[in-house]
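*Asks:* My questions are about this predicted structure, shown below with the sequence.
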Amino acid sequence: MGRGIRKRKLIPFAALAVVTAAVAASGASAKSAATPIKIAVLSDCQGAFGSFDGQDLAGVVSALSQYAGAKPVNANDPRKGWTGGQINGHPLKLVGIGCSNDKADTAIKVTKRLMEQLGADVMIGPLSGDESIAVANYAKQHPTKTFVDGSAGAQDTTLKVRAPNFFRFNGDGAMWNAGLGDLAYNKLGWKTAAVVADDYSFAWTSAAGFIAEFCGVGGKVTKRVFPPLNTTDYSSYAQQMPTNVDGTFVAVGGAGLIPFLKAYEQAHGPIDGKKFIGNLFWGTPGQFEQLSTRVVGAYVGGAGTAGDLATPAAKNYANNIIGKWFKTIPPFGAAAPQAASTFTFGYYANTWGLIKGLQAVKGDLSGGQKALQAALGKVTLASPYGPMKLDKNRQAIIPVYYQQLYSKGGKLAIKTVGYIPQVDQTFGGTFSTSTPPPGRTSPACVKRSLPWIGKTQHPKVTG
């Protein structure tokens, strides 16, 4: 019986310890590599901008699908989220999609649920200005979490709050209106103008860009009117609008734009489009079509986008990225034409920026996400509309386009007519961390020098 037993070769204790440690390390490495990256998204599915919820989420899911191996759950319903996707073996887990309503307190309540109760590592969003200021302040209190903007364009978010873990790969409202003051004064011949804007941080910022530039070149803003966001009856505000001015800048947006214009018509008669300039909502796909031909001839501030730009990058983004991953984006229909929306592109660009940051650190969120945040600050995007990089406050420097509305086959259409490259948040030195933030009386109407005056370019667009 002794001959049938094979002697086992004994492994010395020291060698055994090394093997055991190696196996343990291998297991730990595999476990670490599989650790999910928990992502939350904050959008508005209610309030003045609730109709753009689908565009927000289409931007997020398209970027994750294009650059991180994810796939939409439903090509006709972006709110269903995504499946799959990973960064260096780390699965991209959607922990929740928050529904806000353009109000700061709601945004923070939802953010706390996503980040603290559901345990998200990073968050994409929000949509609107007051929300983003609140979220940036929340980010300061939670330095081991990382936040990228959605489409919110309040100036204070990055210029005043300056949370080191909040990043914005889109412009603010003032930046988006670069070129319009020069256009109004030097091309349209406006010497005086009135301004009407929603009474909250984004619209103040949006109006600030027009006021700073129009006054900068010599124009005078004689009246500023601020109806509260989510107003339903604009009659009293429309009656306050003067008619003895050369033109009017309108930064009433979302669900309020059409009711305001109808109230204006009731108070003052038919609108002459050539005497109006609108902010981005006059050109947002899904919204501008509702304005009808009453506003033919009006100029429109963009949001760093140009849907008719005749470049391979712009066409590829619309047709082979947004149009590839989604067939429709409710409630506005076919997906590709909505690619240039402020909301689709904003959420897309911010998600893409986040992906590039995560790829730079190979999905490693250890160390309180400090490496990820450092990497995000260095991200550059070769966006469909031109290059973008972040400044020292983690705010994008962006290309800016503006458009004009015209009649095409009896329907309202839009064409890009102006381009200003590389606009930064100081707006040519107008704004800084020490200047008063945009508000009802700020900026003051004074002459100033801006570097792009008289230098607007005219991009090639499709017919």
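*Replies:* The structure has been received and is ready for your questions. Everything quoted here is computed from the prediction, not taken from an experiment.

*Asks:* who's in contact with the nearest residue to residue 85 once chain neighbours are set aside?
*Replies:* Leaving aside its sequence neighbours, residue 85 sits nearest to residue 70 (CB to CB, 6 or more residues apart in numbering; 3.1 Å). From N, CA and C alone the C-beta is placed, and that goes for glycine too. Residue 70 makes contact with 61, 64, 82, 83, 84, 85, 92, according to CB atoms under 8 Å, 6 or more residues apart in numbering.

*Asks:* Give me the subset of these lying in strands.
*Replies:* Judged by DSSP state E, the subset of those located in strands is 82, 83, 84, 92.

*Asks:* Which among those count as buried?
*Replies:* 82, 92 (16 or more other CB atoms under 10 Å).

*Asks:* Closest to residue 440 out of the ones in strands among the contacts of residue 70?
*Replies:* residue 82 (41.4 Å; CB to CB).

*Asks:* wouldn't that closest one be in contact with residue 65 here?
*Replies:* Yes: counting by CB atoms under 8 Å, residue 65 is a contact partner of residue 82 at 6.6 Å.

*Asks:* before we move on, back to that, farthest-separated two in the ones in strands among the contacts of residue 70?
*Replies:* 83 and 92 (9.6 Å).

*Asks:* if we can go back for a sec, ok, of the ones in strands among the contacts of residue 70, which one's closest to residue 410?
*Replies:* residue 82 (39.5 Å).

*Asks:* now the closest one: how far from residue 427?
*Replies:* Per CB to CB, to the nearest Å, residue 82 is found 36 Å from residue 427.

*Asks:* now do residue 120
*Replies:* 33 Å.

*Asks:* Could you do residue 68 as well?
*Replies:* Shown here: residue 68 relative to residue 427, a distance of 34 Å by CB to CB.

*Asks:* More neighbours: which of those two?
*Replies:* residue 427 (26 against 22; other CB atoms under 10 Å).

*Asks:* where does residue 290 fall, helix, sheet strand or coil?
*Replies:* With DSSP: H, G, I helix; E, B strand; the rest coil as the basis, residue 290 sits in helix.

*Asks:* residues in contact with it?
*Replies:* Going by CB under 8 Å, 6+ apart, the list of residues near residue 290 reads residue 258.

*Asks:* Stretch 369-389: end-to-end distance?
*Replies:* This stretch, stretch 369-389, spans 21 Å end to end (CA to CA, to the nearest Å).

*Asks:* Please state the offset of that stretch from the chain centre?
*Replies:* Offset of stretch 369-389 from its chain centre (CA atoms, centre = their mean, to the nearest Å): 14 Å.

*Asks:* List the residues that contact residue 105.
*Replies:* residue 134.

*Asks:* same thing but 6 Å
*Replies:* By CB atoms under 6 Å, 6 or more residues apart in numbering, no residues touch residue 105.

*Asks:* Run a quick check on residue 190 versus residue 184, I expect a contact.
*Replies:* Yes: the pair residue 190 / residue 184 is scored as a contact, 4.3 Å apart, by CB atoms under 6 Å.

*Asks:* okay, and the common contacts of these two?
*Replies:* residue 247.

*Asks:* Quick one: low-confidence residue ranges for the stretch 51-200 of the chain.
*Replies:* Counting by pLDDT under 70, the stretch 51-200 of the chain contains no low-confidence range.

*Asks:* For it, just list every one of the strands.
*Replies:* According to DSSP state E, counting those that start in this stretch, the stretch 51-200 of the chain carries its strands in the segments 70-72, 82-84, 86-87, 90-100, 122-124, 146-148, 166-167, 192-197.

*Asks:* Mind checking those for the one nearest to residue 367?
*Replies:* Closest approach to residue 367 among these (CB to CB): strand 146-148, 12.1 Å.

*Asks:* what residues does the helix or strand following the closest one touch?
*Replies:* Using DSSP states H and E, the helix or strand that follows strand 146-148 in sequence is helix 156. Contacts to helix 156, defined as CB under 6 Å, 6+ apart, come from residues 133, 437.
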